[in-house]
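Asks: Sequence first, then the predicted structure:
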Amino acid sequence: MIGYVTIGTNDLARAAAFYDSLLAELGARRVMEMEHFIMWSTGPGQPAVCVIRPYDKNPATIGNGVMIALAAGSPEKVDAVYRKAIELGATDEGPAGQRFPGFYAGYFRDLDGNKVNAFFMG
C-alpha cells in the first residue's frame with residue numbers, strides 16, 4: 001500500500017551519504033535523483049524512501065510522532081541496519097531487540113533527527 005515516503009533534510013549531500021550506506025543494508029540503491037531529492041528502492045514497483053529539501057524552501061524539521069519503519073527480513077538484518085545507522089552517526093532511540101513476541105526492532109534518529117526503525121515481524 002505504501003508507494004514511497006519522503007524525509008526532509010537540510011543537507012542533501014550528508015543525508016545521501018547516510019542513506020546510501022544504510023539502505024544498501026536492505027538491498028536498496030538509488031533509483032531516481034534530482035537537484036532537490038534522491039530516491040532509493042529495492043526494485044521496480046517496490047516501496048521507496050526519498051530524502052528531499054522541502055519544496056517550500058523552509059528548513060526541514062522533524063515531525064513529532066512521525067517515524068519511518070524499514071522492513072528487514074530477519075532479526076539479524078535488523079541488527080545490521082541498526083548497527084550501520086549508529087556507525088553512520090545516527091542517535092539511539094532504542095537498541096535492536098524483541099519488543100514483544102513476534103516483533104523485533106531497533107530505533108534511531110538519522111542525521112537530521114528523523115525517527116527511523118528497522119523491524120522484523122515473524
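Replies: That came through, no problem. Keep in mind the model is a prediction, meaning the values are calculated, not measured.

Asks: State the number of residues packed around the nearest residue to Lys115 once chain neighbours are set aside.
Replies: Once its chain neighbours are removed from consideration, Lys115 has its nearest residue in Met67; the separation is 4.3 Å (C-beta to C-beta, 6 or more residues apart in numbering). In short, each C-beta sits where N, CA and C put it, glycine included. When neighbours are defined as other C-beta atoms under 10 Å, Met67 has 13 of them.

Asks: pretty sure Met67 is touching Phe119, no?
Replies: No: applying C-beta atoms under 8 Å, one finds Met67 not in contact with Phe119, separated by 10.4 Å.

Asks: quick one: stretch 69-79 to chain centroid distance?
Replies: 12 Å (C-alpha atoms, centre = their mean, to the nearest Å).

Asks: I meant to write stretch 91-100 there.
Replies: From the chain centre to the centre of stretch 91-100 is a distance of 15 Å (C-alpha atoms, centre = their mean).

Asks: ok, Asn58 - how many residues close by?
Replies: Burial of Asn58 is recorded as 9 neighbouring residues (other C-beta under 10 Å).

Asks: same thing with Pro101?
Replies: With neighbours defined by other C-beta under 10 Å, the count for Pro101 comes to 6.

Asks: again, but for Val81
Replies: Applying the criterion other C-beta under 10 Å, we find 24 residues in the vicinity of Val81.

Asks: before we move on, what about Glu93?
Replies: The number of residues packed around Glu93, counting by other C-beta under 10 Å, is 15.

Asks: for Met32, same thing?
Replies: Neighbour tally, Met32, other C-beta under 10 Å: 12.

Asks: Hmm, it is touching Ile38, no?
Replies: Yes: because the distance of 7.3 Å satisfies C-beta under 8 Å, Met32 is recorded as touching Ile38.

Asks: Between those two, which contacts overlap?
Replies: Residues touching both Met32 and Ile38 by C-beta atoms under 8 Å, 6 or more residues apart in numbering: Cys50.

Asks: I'd say Ile52 and Tyr4 touch.
Replies: No: in this structure Ile52 lies outside contact range of Tyr4 using C-beta under 8 Å: 10.5 Å.

Asks: for the residue nearest to Asn117 when sequence neighbours are not counted, what are its contacts?
Replies: Spatially, and ignoring its direct neighbours in sequence, Asn117 is nearest to Tyr107 (4.5 Å; C-beta to C-beta, 6+ apart). With contact taken as C-beta under 8 Å, 6+ apart, Tyr107 is in contact with 67, 92-94, 115-117.
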